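J.: Got a predicted structure plus its sequence, pasted below:
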Amino acid sequence: LSAAQPNSKNLFLYRDALTWTNSAYHFVQKYGTGMVVAKDQRSLLWRLLSGGMPESYLDAILDFDADMLRFDALSATAWATQIQHFEDARQHGVQLYPLRYNELIAKREFIIAQLFSYLGLPSEAVASTLSVFEKDAHEGTRSARSANDLHFTDENYAVVRTVLSHQRIAIDPNVILSLD
């Protein structure tokens, strides 16, 4: 994309590993995936979560063919691939603006104003843009939030932290990506 549009402005929306993996778990529950990932769901789920990374990426980290493959471990590894995609793109000269979801939610107006400035959009439009946060974007769809969604437990978060500390990954679950 950057070769075809060298002056394009690219955004990389990300969030911390713990809330990303938990959110992903809420989503996959809607499509029949539980904490233990069935063998017939693994390949597609891995491709979707990892942005198309080959399954061989998992070789030194997880046993993809194990009888029991945990979603928390698989999603933690997938989150790490997303951060790696960002780093790889930056190393290849792709200009990416890292937009951390956590900050967007906590400081909406401030972050939207920064984003508009980066994109060269008029600052007067920031206030009207904030209205998009008034409604759940998934409302009325299969992926809408539900009180019945299962949430990660402390054990799940511990698994995420353990996977991310693996020598092949070694990424802080609260990484803050820079503009540089």
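T.: Arrived safely. Computed from a prediction, not measured in an experiment: that's the story for all the values here. Residues are numbered from 1 along each chain as shown.
J.: ok, which stretches of the chain are helices?
T.: 17-29, 39-50, 71-91, 101-106, 108-119, 126-129, 154-164 (DSSP state H).
J.: so can I have TSV of these showing mean neighbour count and mean pLDDT?
T.: In short, each C-beta sits where N, CA and C put it, glycine included. Below are the helices of the chain laid out as TSV (neighbours: other C-beta atoms under 10 Å; pLDDT from 0 to 100):
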stretch	mean neighbour count	mean pLDDT
helix 17-29	20	92
helix 39-50	16	93
helix 71-91	20	94
helix 101-106	14	93
helix 108-119	15	94
helix 126-129	13	92
helix 154-164	17	95
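J.: need these in TSV with distance to residue 170, can you?
T.: Listed next are the helices of the chain as TSV, based on distance: least, C-beta to C-beta, whole Å:
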stretch	distance to residue 170
helix 17-29	12
helix 39-50	17
helix 71-91	9
helix 101-106	21
helix 108-119	28
helix 126-129	37
helix 154-164	8
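J.: Ok, which of those helices comes nearest residue 172?
T.: helix 154-164 (7.5 Å; C-beta to C-beta).
J.: Touching that closest one from outside, list them.
T.: 17-18, 21-22, 25, 35, 61-62, 70, 72-73, 75-77, 79-80, 152, 169-173 (C-beta atoms under 8 Å, 6 or more residues apart in numbering).
J.: Could you tell me the end-to-end distance of stretch 89-103?
T.: 22 Å (C-alpha to C-alpha, to the nearest Å).
J.: quick one on the thing from earlier: of all the helices of the chain, which lies closest to residue 147?
T.: Here helix 17-29 is closest among these (C-beta to C-beta), at 11.2 Å.
J.: tell me what that closest one is packed against?
T.: In this structure, helix 17-29 makes packing contacts with helix 71-91, helix 154-164, judged by 3 or more C-beta pairs under 8 Å, 6 or more residues apart in numbering; DSSP states H and E.
J.: Which of those sits closest to residue 140?
T.: Closest among the helices and strands packed on helix 17-29, once you apply C-beta to C-beta, is helix 71-91, at 25.4 Å.
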